[in-house]
Every structure is written in structure tokens, then in C-alpha cells.
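*Asks:* Need a 3D model of the following:
(4 chains)
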Protein chains: 2
Amino acid sequence: MVALFKFFKKFNTLSKEAEKAIAEISKEVTVKRNSDLQTIGHTCKTIYFLKKGVARIYYFKEDIDITESFSFENSIVVRFESLFTGRPSKKAIQVLEDSDFIAINSPELFKLYDKHPDIERLFRKIFEASLVETVNRVESIQFHTAEERYKVLIKEAPNVLKRVPLKYIASYLGITPVSLSRIRGQK
Amino acid sequence: MVALFKFFKKFNTLSKEAEKAIAEISKEVTVKRNSDLQTIGHTCKTIYFLKKGVARIYYFKEDIDITESFSFENSIVVRFESLFTGRPSKKAIQVLEDSDFIAINSPELFKLYDKHPDIERLFRKIFEASLVETVNRVESIQFHTAEERYKVLIKEAPNVLKRVPLKYIASYLGITPVSLSRIRGQK
DNA sequence: GAAAACACTTTACATATGATAAGAAATTAC
DNA sequence: GTAATTTCTTATCATATGTAAAGTGTTTTC
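*Replies:* Numbers count the residues shown, from 1 in each chain, chains lettered A, B, ... in the order given. Predicted structure coming up:
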């Protein structure tokens, strides 16, 4: 739990009682590589914090596996469109290395908001940061070509290359593995 | 202001004092068609509510005007990546018809959060809904072709066609006006 | 440690998209 | 209401990307 509370501190400070309340509705989860942490069709009722490992969110478009996002150490992994609507997600969370998560029960968490305004504020700020990230992702998809985004990716997150198969990176960039191979091949 | 508070009610109920506090930091703004409500390089310190009219958020990629989003009546218009980071935005907000906005001063608004937890909760929920929308937009860009998205657009928002020039719709879909014309032409 | 499975690259070909330009249609301005 | 401007469509051509298939390399499994 230490890593989790350290992560929280970047957004908002919590009272001891608030930390305790969160700890009570959270548990550690270990997942084997290549297995699904959450499956397609499942309604998201858990906010995951990735302590160790790599995960991706993916879905199928006409039998083609498409990666929506990657997650690395010390970040939140959630399918927001399911968490905030209560509807089943068309996406799954898969683990690409043996990974450790802290799983926070979200209905329980939301109940804590009334008694602990500092928790509500914390998650408001976390999700505001997610909104900024997601808006920037829309921008990067519209603004830049797959090639430009590949170069940004290897520059800003070179570890991705080492930890994630290229076929997933390709679908994340919106291109085929063949196209990615061409981009990598030139020069 | 009536329309604004009616919009708020969809997310959270406010006390009379809270409504009054928001009214005090808000003002009505009228903008002539085709002019910019906020320019590129401006740091977003206003949350706009669009009462009447149409707006779009756009930016330039190598001198090409690209539309990031459209906004219609009874919705919030904000460049989140600037509002939440305090950094200047690379995007502008342009008005496509003579439009009426309610402009909420965001630094003042955020100050109200401590005294009015119902205001903090209101905007938490509004921005959570924005997060869901934005995640769905990422999905739609990756998931669907421009042609599929055009058909969804005319089905779900047929008024867009009547109120927005096709060239803006094309860039919103990530294609050229020529390509959009081909899609529209077939059949 | 050999066999099997998986991941990546390369090639050839077909197709869709973009760029450019020209013309038609619609809108705006006087 | 006519001219000017803007918007949209159509056509032609060049290019980039996808599909399919084959081959190479790497990792996994027993």
C-alpha cells in the first residue's frame, strides 16, 4: 500500500483516517503474464493501481485485436467509460508481464466521498489528470501521423519497446505490424 | 443563468448560496459568427457554457486547420489540457454562428470548492462525464474508419450537417474535404 | 535442447487516400 | 440582384498503407 499512498500524495494529502478507510476497501492482486485482469463484457467496479508490471487495455474490431493504451508502474488502470457509466466495457485489461496491482473497490470508494472530502478531492484531481492525458491522446492521434507518434513513443518511453511486443504497439499507433516494420526499417 | 443551472441539475443539486456564488463569478458573453472566443496561445481561465450557437475547438498542423471538437447548445466548452495544467493552449475556440455563452471564471470557481463542497462535487461529475466522452472519442477514432464515423455523426447529430461547413467535419473526421466528398458521393 | 509456437521482417500486389486543379454550387457582400 | 467569395464536388495522378504470403528470427514448452 505504501506505493499507492505515495502516488496519492502527488495529487492531494489524505488524513490518516482517510488512508485507513481506503486501505480497508483495497487488496493486493497478482496476475500472471498474458492473462486478462478484467475481461470484455465485465462492468468495471475496481480502480487498479499498477505496482509492478505492464498492462494494456484492448478490444476487438472485427476480430482484430486493437490496443487502446499501455500502463506501467505507478499508474492507475481503469476503463473509465465503464466505471463512470456502470455499463459493461467492450474492452479488456491484459497483463503483459507478471504484475502486481492494488485493487480499490470503486462502489465502496465512492461511498467514502461523503465522509471524507479529502478522498473525493484526491480522486477528482486524479481523474482531471486522466482527462488531460486523454485529451492529449486525441490530439496526438489527430495531430500526428503514426510515424511521428512512433518516434515520440520511443523517445519518451523507450522502455515500451523492450517490454511490449511490436504488434501491440502497431495497433496502438493505428497501423499494421507490417507498416510499423516499414517505419522501423527506413534508416 | 437559468439554462446553466438547469444544466447543472443533471449532475448535482446546488444550495441557493452555491448558485449565488457561481452567478457572482459568471457573466454573459456574446460572440459574432466566425470569430474566435479564445485564441491560440491563450491560457484557459474560463469555463464556457454554450447557451445558443455552435462552436468548435481547432488548431493548426503545418498550416492546416484541424477541428478537434464541436459544441452545441447546453454544453460546456473548455480546453481541458490548458484549464488543468495552467499552460497556454495550442488550440482556439471559434464560433460558427452568432453565439451566447456564460463565462465562469475558473480560478474563482476553484476557490469556491473549499466553502462549497456541492460545487466541487458538481464539477467533479461534469468533468468525469467529459472524461467518458473523451475516452469514447479516442475509441471512435481508433475503432472506426472515417466513413463509419461520418455515418454515426449524421445519424446521431444530423443538425451538425446543417450548421457546420463540411470542411470542418472533414478535419474532425481526420480526412480531407475531398475524401469526405467521395464518402458522401458514393450511393 | 529439440520441436513448436510466436514475433518480426520483407516482398509483391491491390486499394484507398491525399494532392492538385478545375468546375459547379452556394453563400455573402455591396 | 449581380459580382465576388467561399464551399463543395469531380477527375486525374502519385503515394502510402493494407493484405497476403513466405521466410527469418526469437521465445516458449516439455
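*Asks:* Which residues are in contact with the most centrally placed residue in chain A?
*Replies:* In chain A, the C-alpha nearest the mean C-alpha coordinate belongs to residue A:77, at 3.1 Å (CA atoms, centre = their mean). By CB atoms under 8 Å, 6 or more residues apart in numbering or on different chains, the residues touching residue A:77 are A:37, A:48-50, A:55, A:57, A:71, A:93, A:101. Where C-beta positions appear, they are placed from N, C-alpha and C, glycine not excepted.
*Asks:* Quick check: strands, which of the residues you listed are part of them?
*Replies:* A:37, A:48-50, A:55, A:57, A:71, A:93, A:101 (DSSP state E).
*Asks:* Could you identify the most distant pair in those?
*Replies:* Maximum pairwise distance among the ones in strands among the contacts of residue A:77 (CB to CB): 15.0 Å, between A:49 and A:57.
*Asks:* Can you list the buried residues in the helix or strand bottoming out on mean pLDDT in chain A?
*Replies:* Between all helices and strands in chain A, the lowest mean by mean pLDDT, DSSP states H and E belongs to helix A:158-163, at a mean of 86. Within helix A:158-163, the residues scored as buried using 16 or more other CB atoms under 10 Å in any protein chain shown are residue A:160.
*Asks:* Run the chain-centre distance for that helix.
*Replies:* 16 Å (CA atoms, centre = their mean, to the nearest Å).
*Asks:* What's the first helix or strand after it?
*Replies:* The helix or strand immediately downstream of helix A:158-163 is helix A:166-173, counting by DSSP states H and E.
*Asks:* for the record, mean pLDDT for that next one?
*Replies:* Per-residue confidence for helix A:166-173 averages out to 93 on the pLDDT scale.
*Asks:* is that helix up against DNA strand C anywhere?
*Replies:* Yes. Helix A:166-173 is in contact with DNA strand C by CB under 7 Å from any atom of the strand, via A:166-167.
*Asks:* just to revisit the earlier point, and the least confident helix or strand of chain A, what other elements does it pack with?
*Replies:* Helices and strands touching helix A:158-163, by 3 or more CB pairs under 8 Å, 6 or more residues apart in numbering or on different chains; DSSP states H and E, are helix A:146-156.
*Asks:* Say whether chain B is contacted by the helix it packs on.
*Replies:* No. Helix A:146-156 lies out of reach of chain B by CB under 8 Å from any CB of the partner chain, never closer than 10.1 Å.
*Asks:* can you give me the helices for chain A?
*Replies:* A:2-9, A:16-24, A:80-83, A:106-115, A:117-143, A:146-156, A:158-163, A:166-173, A:177-185 (DSSP state H).
*Asks:* Determine the set of other helices and strands touching the first one.
*Replies:* For helix A:2-9, the elements it packs on are strand A:46-52, judged by 3+ CB pairs under 8 Å, 6+ apart.
*Asks:* Listing partners with orientation, what would you give for the strand it packs on?
*Replies:* The strands beside strand A:46-52 in its sheet (DSSP bridges) come out as strand A:75-77 (antiparallel), strand A:99-105 (antiparallel).
*Asks:* Give me the contacts around the longest one.
*Replies:* For strand A:99-105, contacts defined as CB under 8 Å, 6+ apart pick out A:1, A:3-4, A:22, A:25-31, A:33, A:37, A:45-55, A:77.
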